[in-house]
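[1] for reference, the sequence and a predicted model appear below.
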Amino acid sequence: CLLCLCNLADLQLVLPFLKPPHWGRLLHSLRFRQLNLLSINAPHIVVMEFLEYHPGIAFLSINTCRATRRPCPLDGRKLPALCDVSAPVGCITHLISNNPISCVAAHQFSKADSAPVWSFVPSLLMSSTNLTILQLEVSPTDYTSLDSLVRYVPALRALKLTEVNMPGPVVSYLL
């Protein structure tokens, strides 16, 4: 049924009960010439294959990676129109350094997705001229590295820090 929507610009697929093998079959032959936004909870290997046919995506939101080995399958993916990305901390680093991103939201969906804030610094050095919005999920022990982080993003206009303690409640701070 999605094949009939050839002019689709925004695609949001949140199918938590769809098994990983079924994602590949669902997305395999889909091609949307106008696709600008993709929000999806598919395994990143499936997302990577889908992105090969949709290089014009500007807004990308992905959930937990599910990759059994690192790096994430999205490592090295170049999307020349990508300006806004929301992804797990462990996967977002390579998307930042390879694309013209101005808005980043880094999440920790599970222990496997977690990474300290300092792991972003090299990627932010590559994209700091574009980065204006940053949303991070940080652990209660990660605030010391924030001092070094903010020095590398001089164009930052909005910063949102959400304290997460895996597992547990989430506390947000908008600065």
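    Received the coordinates, thanks. Just so it is clear, the model here is predicted, and its values are computed rather than measured.

[2] in the protein, which spans are strands?
    Counting by DSSP state E, residue ranges of the strands within the chain are 10-13, 37-40, 59-62, 84-88, 103-107, 133-138, 158-164, 170-174.

[3] so which bits of the second one are buried?
    Read that as strand 37-40. When burial is assessed from 16 or more other CB atoms under 10 Å, strand 37-40 yields the following buried residues: 38, 40. To be clear about C-beta, it is placed using only N, CA and C from the backbone, and glycine gets the same treatment.

[4] the residue nearest to residue 136 when sequence neighbours are not counted and residue 63, how far apart?
    For residue 136, the nearest residue in space outside its immediate sequence neighbours is residue 106; the separation is 5.2 Å by CB to CB, 6 or more residues apart in numbering. Applying CB to CB, to the nearest Å, the value for residue 106 to residue 63 is 13 Å.

[5] quickly list what's touching both of these two.
    Counting by CB atoms under 8 Å, 6 or more residues apart in numbering, the contacts common to residue 106 and residue 63 are residue 88.

[6] chain center to the longest helix seen in the chain, what's the gap?
    Residue-count comparison of every helix in the chain, with assignments taken from DSSP state H, identifies helix 89-98 as the longest. When C-alpha coordinates are averaged (CA atoms, centre = their mean, to the nearest Å), helix 89-98 and its chain have centres 7 Å apart.

[7] also stretch 44-54?
    The chain centroid and the centroid of stretch 44-54 are separated by 13 Å under CA atoms, centre = their mean.

[8] now do stretch 48-64, average pLDDT.
    Confidence over stretch 48-64, taken as the mean pLDDT, stands at 93.

[9] can you list contacts of it?
    Taking contacts as CB under 8 Å, 6+ apart, the residues outside stretch 48-64 that touch it are 24, 27, 30-32, 35-42, 44, 47, 73-74, 77-88, 91, 95, 105, 109-110, 112-113.

[10] of those residues, buried ones?
    Under a neighbour-count criterion of 16+ other CB under 10 Å, the subset of the contacts of stretch 48-64 counted as buried comprises 27, 30, 32, 35, 38, 40-42, 44, 47, 73-74, 77, 79, 82-88, 91, 95, 105, 109, 113.

[11] quick one: the spatially most central residue of the chain and residue 154, what's the gap?
    Taking CA atoms, centre = their mean as the criterion, residue 87 is the residue nearest the geometric centre of the chain, at 2.4 Å. Taking CB to CB as the measure, residue 87 and residue 154 are separated by 23 Å.

[12] by contact count, what packs against the longest helix of the chain?
    Applying 3 or more CB pairs under 8 Å, 6 or more residues apart in numbering; DSSP states H and E, one finds that helix 89-98 makes contact with strand 84-88, strand 103-107, helix 121-127.

[13] kindly recompute the last result at 6 Å.
    helix 121-127 (3 or more CB pairs under 6 Å, 6 or more residues apart in numbering; DSSP states H and E).

[14] sweet, I'm off.
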